[in-house]
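Novice: Quick one, structure for this:
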Amino acid sequence: MGRLRGEEVALKDLAVVYERLGDYGKVILYEQQKLAIAREIIDRQGEYEALVNLVNVYFHLEDYAKVIDFGNQQLAIAQENRDSFGEENALKVLGSSYYFLGDYDKAINYTEQSLALARKLKNRSEEATRLSHLGSIYYFLGDLDKAINYYEQDLAIRRELKDRKAEGLALGNLGLAYTGKGEYAKAISYLEQDLAYEREFREPLEESQTLEYLGTAYDGLGNYAKAIEYGQQSVAITQKVKYTRGEAIALTNLGSYLAEVGNFPEAEKALRNAVEVLELLRKKLGSNDAYKVSIFGLPT
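Specialist: Numbers count the residues shown, from 1 in each chain. A predicted model of the protein is given here:
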């Protein structure tokens, strides 16, 4: 028993080292070995920690099928231990995973449970994040008024907490929702405020998303040159930071903008590249055909 516990600790330390090195394959290998030992010696805390780490790594790798598998195991232990913090964490990860897979009913279910726990725990920051996620889900369901309501609640809490980075994200979400409503001038106003925050704080992933939203808004105004300019900037950043989902979306929209100005060769190139990126992402989802289909409705 002592030898196995010592091995469990060593594996944990190795996983931490390889995570810092960005070698996620090794992290997964060591965390899975740690998980097996924890279960063999009936170390529920060690089992829980390994599951949390595996969920985090697979989420980073955008392997949402694996996130859901390990996340449900994580949730079961948190509920068994009456650990509200751990339960809220598992619920939010599950909600986000189903959201990214386009399964909005399950995303709403898990996110609403997470929101209720965040309020119970009086965690205002987590409450705001869950409100934001609910807004995004309703955005993709086409209920823009409900989305704006959630985004405005999120923005109010961010300002209350003086969280300027998160305030920028809330502004960006409102800009996206108003773009969906066809109120493009209002949308651009929100999005430009958001972009300024992201450049100030040097957040390339979020910057790529806001550039994409600005491209969409300018496209709506018929300013195709601006749309293409922002679309190209978004593609470049997503490729640099290896944001697979974002790259697929940016390439798809860029192809659309190029087609609108009659540049069909470049439009076709962008769209073919988008399909290639999506196929790479689909391969991570294993044999679940429902996930493979829904991935084409990718939200940002």
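Novice: What are the boundaries of the helices in the stretch 101-250 of the chain?
Specialist: Taking DSSP state H, counting those that start in this stretch, the helices of the stretch 101-250 of the chain run over residues 104-120, 124-140, 144-160, 164-180, 184-200, 204-221, 224-241, 244-260.
Novice: would you turn those helices into a markdown table with mean neighbour count and mean pLDDT?
Specialist: Yep, even glycine has a C-beta here, placed from its N, CA and C like the rest. As requested, those are exported to a markdown table (neighbours: other C-beta atoms under 10 Å; pLDDT from 0 to 100):
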| stretch | mean neighbour count | mean pLDDT |
| --- | --- | --- |
| helix 104-120 | 19 | 97 |
| helix 124-140 | 22 | 96 |
| helix 144-160 | 19 | 98 |
| helix 164-180 | 23 | 93 |
| helix 184-200 | 19 | 95 |
| helix 204-221 | 23 | 93 |
| helix 224-241 | 20 | 96 |
| helix 244-260 | 22 | 94 |
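Novice: TSV for those helices, including distance to residue 30?
Specialist: Formatted as TSV, those follow (distance: least, C-beta to C-beta, whole Å):
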stretch	distance to residue 30
helix 104-120	28
helix 124-140	29
helix 144-160	37
helix 164-180	32
helix 184-200	34
helix 204-221	27
helix 224-241	26
helix 244-260	24
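Novice: For residue 77, which of these is the nearest?
Specialist: Evaluated over the helices of the stretch 101-250 of the chain, closeness to residue 77 peaks at helix 104-120, with 15.7 Å, by C-beta to C-beta.
Novice: Nearest to residue 284, out of the helices of the stretch 101-250 of the chain?
Specialist: Nearest to residue 284, of all the helices of the stretch 101-250 of the chain, is helix 244-260, at 8.9 Å by C-beta to C-beta.
Novice: Summarise which helices and strands that closest one is packed against.
Specialist: Where contact means 3 or more C-beta pairs under 8 Å, 6 or more residues apart in numbering; DSSP states H and E, helix 244-260 is packed against helix 204-221, helix 224-241, helix 264-283.
Novice: what would these look like in a markdown table with distance to residue 65?
Specialist: A markdown table is the format used below for the helices and strands packed on helix 244-260 (distance: least, C-beta to C-beta, whole Å):
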| stretch | distance to residue 65 |
| --- | --- |
| helix 204-221 | 22 |
| helix 224-241 | 22 |
| helix 264-283 | 11 |
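Novice: Give the closest residue to residue 233 in space, chain neighbours not counted.
Specialist: residue 211 (4.9 Å; C-beta to C-beta, 6 or more residues apart in numbering).
Novice: Quick check: which ranges of the stretch 1-150 of the chain have low pLDDT?
Specialist: Filtered on pLDDT under 70, the stretch 1-150 of the chain yields the residue ranges 1-10, 13, 18.
Novice: the strands in it, which residues?
Specialist: Here the stretch 1-150 of the chain has no strands by DSSP state E, counting those that start in this stretch.
Novice: picking up where we left off before, my guess is the residue nearest to residue 233 contacts residue 237. True?
Specialist: Yes: using C-beta atoms under 8 Å, residue 211 is in contact with residue 237, at 7.1 Å.
Novice: before we move on, back to that, show me what contacts the residue nearest to residue 233?
Specialist: When contacts are counted by C-beta atoms under 8 Å, 6 or more residues apart in numbering, residue 211 is found next to 195, 230, 231, 233, 234, 237.
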